[in-house]
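Asker: Build me a model from this:
(chains A, B and C)
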Amino acid sequence: MPVARPELSDSRVIAHVDMDCFYVQVEQRKQPSLRGQPTAVVQYNSWQGGGLIAVSYEARKFGVKRSMRGDEAKQVCPEIQLVQVPVARGKADLNDYRNAGSEVVTILARRGRCERASIDEVYLDLTIAAEAMLADNPPECLETISEEAVKSHVLGLEEFPAEVGSDARERVRHWLTRSDASRRDKLLACGALIVAELRLQVLEVTEFTCSAGIAHNKMLAKLASGMNKPAQQTVVPFSSLSKLLGNLPIKKMKQLGGKLGTSLQIDLGVNTVGDLLQFSEEKLQEFYGINTGSWLWNTARGINGEEVKGRLLPNSHGSGKTFPGPRALKTVASVEKWLSELCEELSERLQSDLEQNKRIAHTLTLHAHAYKPNDSDSFKKFPSKSCPLRYGTSRIKEDALSLFQAGLREYLGLYNVKTSGNQNSGWGITGLSVSASRIVAIPSGTRSIMNYFPHQEETCPQVLLSSEKLIQDAQLLSPSENCLGSGGHLTLQSIEPWIACGEEDKETKHSMPLDRQKEDTEMCKLKLQDKETLLCSSPAAEVYQGWEKVQTESSGDYLTEKIRDSLESEEGKRKSNKEKGMSTISRYFQSQHSGSLLKVENASTSKLSESSSLSEPQSQLPQENSLARGESSVDARLCSQIKLKRPAWSYDVDEVDQDVLNELPKQIQEELQAWLRPQKRSNTVKKDLGITRYFLPAKDK
DNA sequence: ACGGATTAAACA
DNA sequence: TTGTTTAAT
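Answerer: The predicted structure follows:
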């Protein structure tokens, strides 16, 4: 695993925050009468009382454990309250928990770079905040230390000689405020104060408790957060390392809980982290490869250079369900039905992500588990398949089904001919999931980008000699028939849907009633041009290029409906009026003055966090950045390079000097990259692709 | 192949 | 790059 910056002298301040039995807390907040009671969250009540996925600490005292069945739990704890996970479309619906997790992240991201590690865990890099505190207002100068902070657990504190008669909290207070501590300890002390404050804020705002670990790296912070739960925090001073790791079972370390940990035990006789110290780095690399070997060597010493990534949003979305044993799906029709449910959920979440975060997913992947009784190679796995993701529920459904059928043919083998149709030929599907990945932010600082483009707007007709016929052809050639048909690879390329967000028609807007205007801007009118689709069918590699124009009225009704309409309707295609012939892209660039509805959550008020967020873009949470007002000469140079041998909005990246790009403000560079990167052309498409050509990255071959 | 539904990331 | 595998919660 990543061996970024592994230093023994690592003095960062890293926290790992872990929500206590999170799903239970969410349900208890919904239903306060459950608070304080032994409670568990369960899904699928039908069989044996369902499976537990979260257990309150009261219930744990009775020996109730995660992944018990509901019936079992009732036996050991008759009083237990079992709450069902919400169900939608016949499957567990985790949205309540995702949303609750977002509430928490919003608060935890206030003081430093924040990485959402899972639905209920985050890592924080508090180094800058801690350094600032140490410089301005160190704990040793404080007259009072927060109650929450003195409740911290400080590893190795017992070793310190302390005044007799002092209780645990007094000892902690003393440790936190020692003026003769090492710099590293002082930084951790600051971290502990900050985390205590954050946890308190989380509690006040969300009513959720959490536990935390504070250490010099992610690995140790994670380890510590689990040591004292619930609702407590644990600090790992450097000096406590050897004792901590010395006889810690190897499997307790993150990443070593599985096969690698087992191999360490069985093959090398390593049972504790301390045991690892005997092995040279080279030896470990010999056994486990360069990266893993080095990672293990460092781990043994409490060294871990992994950075806290500034990421508040997930990198993928998925929706899946298992169909165990007798419930296995045995007909394509039933698979289609369930895929349809899964795709609806996925599509809904993609819509939300688009609206709330302005991000677009690029890849659709289908996973399935299958069995095939008698066959000899019966243990073959169902292959996962992916293709470019086209927005719109019905399209996602179509594509997912195509992917499934491609996978099924491969799984069953080529001999199993045509339409064994809907009749059970022995196989069964025990699990299905669809997921969307490669999610990238739409350049949210559209305006800032626009500052670097010529403002003149003309249409760019020649590129778009609207080949409506071709479009229609392309539409008919769904990936199913087309690309999967001849046993070849998926060859459909769909260039992303362009979404414009913003005010598109000033005149109209000004004449609108005020409240309407407000509504309008706030609701982010997305204009969606559905994709440009390129198809190249297997052998001939013939390239079709088509444009579909979908236009939403600028009167701006409710966004969501608009989007859905334009996404779903196959008839929204031809609607042209004055904008006919204008590419979506150009319209996109025209609509730049977007009143962008990005809610900047976490507008931080503290100077500390401001300074930290200045240095690095924190996350892809939409930031309404004003930015880079410096009128640069680069500005002019770029404009001159983007000149108008093409329509105003288009440019040929090949003509843009990389050095010029490099001189742009970093943020602009990133935005441009975001535009360019997803446009990379697959090497299966060699011919001139018209408009897409202009978006090819210059140096990326 | 009843430890379900998700997510992430490395590796080939 | 796509698909597979591991791991964690």
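
Asker: what's in contact with the host helix or strand of residue A:242?
Answerer: Assigned by DSSP states H and E, residue A:242 belongs to helix A:241-246. The set of residues external to helix A:241-246 that reach it, using Cβ atoms under 8 Å, 6 or more residues apart in numbering, is A:155, A:156, A:159, A:220, A:223, A:236, A:272, A:273, A:274, A:300, A:301, A:302. C-betas here are computed from N, CA, C, even on glycine.

Asker: residues contacting residue A:294?
Answerer: A:3, A:6, A:281, A:284, A:285.

Asker: Repeat that for residue A:283.
Answerer: By Cβ under 8 Å, 6+ apart, residue A:283 lies in contact with residue A:293.

Asker: Backbone dihedrals for it, both of them.
Answerer: phi -60, psi -50 (degrees, to the nearest 10).

Asker: how near is it to residue A:297?
Answerer: Separation of residue A:283 from residue A:297 (Cβ to Cβ, to the nearest Å): 9 Å.

Asker: Narrow the contacts of residue A:294 to those in helices?
Answerer: A:281, A:284, A:285 (DSSP state H).

Asker: Would you agree residue A:260 is in contact with residue A:288?
Answerer: Yes: distance between residue A:260 and residue A:288: 7.3 Å, which falls inside the contact criterion (Cβ atoms under 8 Å).

Asker: Near DNA strand C, which residues of chain A are found?
Answerer: Residues of chain A found near DNA strand C (Cβ under 7 Å from any atom of the strand) are A:118, A:120-121, A:226, A:253-261, A:363, A:365, A:381, A:383-386, A:489-490, A:680, A:682.

Asker: Drop anything exposed from the residues you listed.
Answerer: A:120, A:121, A:253, A:256, A:260, A:261, A:365, A:383, A:385, A:386, A:490 (16 or more other Cβ atoms under 10 Å).

Asker: Select, from those, the two members most distant in space.
Answerer: Farthest apart among those by Cβ to Cβ are A:253 and A:490. That separation is 39.3 Å.

Asker: re earlier: residue A:309: which of the buried ones among the residues of chain A next to DNA strand C is nearest?
Answerer: residue A:121 (13.2 Å).

Asker: show me where pLDDT drops low in the stretch 101-250 of chain A?
Answerer: A:162-164 (pLDDT under 70).

Asker: so what's residue A:361 closest to, chain neighbours aside?
Answerer: Sequence neighbours aside, residue A:436 is the residue nearest to residue A:361 in space, at 3.8 Å (criterion: Cβ to Cβ, 6 or more residues apart in numbering).

Asker: now do residue A:314
Answerer: residue A:116 is the one closest to residue A:314 (Cβ to Cβ, 6+ apart), at 7.2 Å.

Asker: Check residue A:133 too.
Answerer: In space, and not counting its chain neighbours, residue A:133 is closest to residue A:190: 4.3 Å by Cβ to Cβ, 6+ apart.

Asker: Repeat that for residue A:124.
Answerer: residue A:15 (4.4 Å).

Asker: That neighbour: what's it in contact with?
Answerer: A:123, A:124, A:126, A:191, A:194, A:195, A:212, A:213, A:214, A:215, A:221, A:225.

Asker: List the neighbours of stretch A:151-162 that are in contact with it.
Answerer: A:169, A:171-172, A:174-176, A:192, A:196, A:214, A:224, A:227-228, A:232-237, A:239-240, A:243-244.

Asker: which parts of it are buried?
Answerer: A:152, A:153, A:154, A:155, A:156, A:157.

Asker: Residue A:192 is in contact with residue A:150, isn't it?
Answerer: No: counting by Cβ under 8 Å, residue A:192 sits too far from residue A:150 to count as a contact (9.4 Å).

Asker: shared neighbours, the two?
Answerer: With Cβ under 8 Å, 6+ apart as the test, residue A:192 and residue A:150 both reach residue A:176.

Asker: When these two are compared, which one has more neighbours?
Answerer: Ranked by neighbour count (other Cβ atoms under 10 Å), residue A:192 and residue A:150 place residue A:192 first, with 31 against 22.

Asker: can you tell me which helix or strand residue A:59 belongs to?
Answerer: Here residue A:59 is assigned to helix A:57-60, by DSSP H and E.

Asker: In terms of secondary structure, what does that helix contact?
Answerer: strand A:39-43 (3 or more Cβ pairs under 8 Å, 6 or more residues apart in numbering; DSSP states H and E).

Asker: ok, and the closest non-adjacent residue to residue A:321?
Answerer: residue A:91 (4.7 Å).

Asker: Next: residue A:272.
Answerer: residue A:247 (4.9 Å).

Asker: DNA strand C versus that neighbour, what's the distance?
Answerer: 18 Å (Cβ to the nearest atom of the strand, to the nearest Å).

Asker: and that residue, how far is that from residue A:293?
Answerer: Relative to residue A:293, and taking Cβ to Cβ, residue A:247 is found at 23 Å.

Asker: Which one's more surrounded, those two?
Answerer: residue A:293 (20 against 11).

Asker: Show me what secondary structure element comes after whichever strand or helix holds that one.
Answerer: In the assignment (DSSP H and E), residue A:293 maps to helix A:290-300. Using DSSP H and E, the next helix or strand after helix A:290-300 towards the C-terminus is strand A:317-322.

Asker: list the buried ones in that following strand?
Answerer: Within strand A:317-322, the residues that count as buried by 16+ other Cβ under 10 Å are A:317, A:318, A:319, A:320, A:321.

Asker: Closest one to residue A:346 out of the residues you listed, please.
Answerer: Within these, the smallest distance to residue A:346 is 4.5 Å, found for residue A:319 (Cβ to Cβ).

Asker: And that closest one, what's its pLDDT?
Answerer: Residue A:319 carries a pLDDT value of 97.

Asker: Quick check: beta-bridge partners of it?
Answerer: residue A:434 (DSSP bridges).

Asker: is it true that it touches residue A:340?
Answerer: No: assessed by Cβ under 8 Å, residue A:319 is found out of contact with residue A:340, at 11.2 Å.

Asker: tell me what the helix or strand harbouring residue A:176 is packed against?
Answerer: In this structure, residue A:176 sits in helix A:168-177 according to DSSP H and E. The contact analysis (3+ Cβ pairs under 8 Å, 6+ apart) places helix A:168-177 against helix A:147-150, strand A:153-154, helix A:183-206.

Asker: redo that, cut-off 10 Å
Answerer: helix A:147-150, strand A:153-154, helix A:183-206, strand A:233-235 (3 or more Cβ pairs under 10 Å, 6 or more residues apart in numbering; DSSP states H and E).

Asker: most neighbours per residue, which of the ones you listed?
Answerer: Of the helices and strands packed on helix A:168-177, the one with the most neighbours on average (mean count of other Cβ atoms under 10 Å) is strand A:233-235, at a mean of 27.
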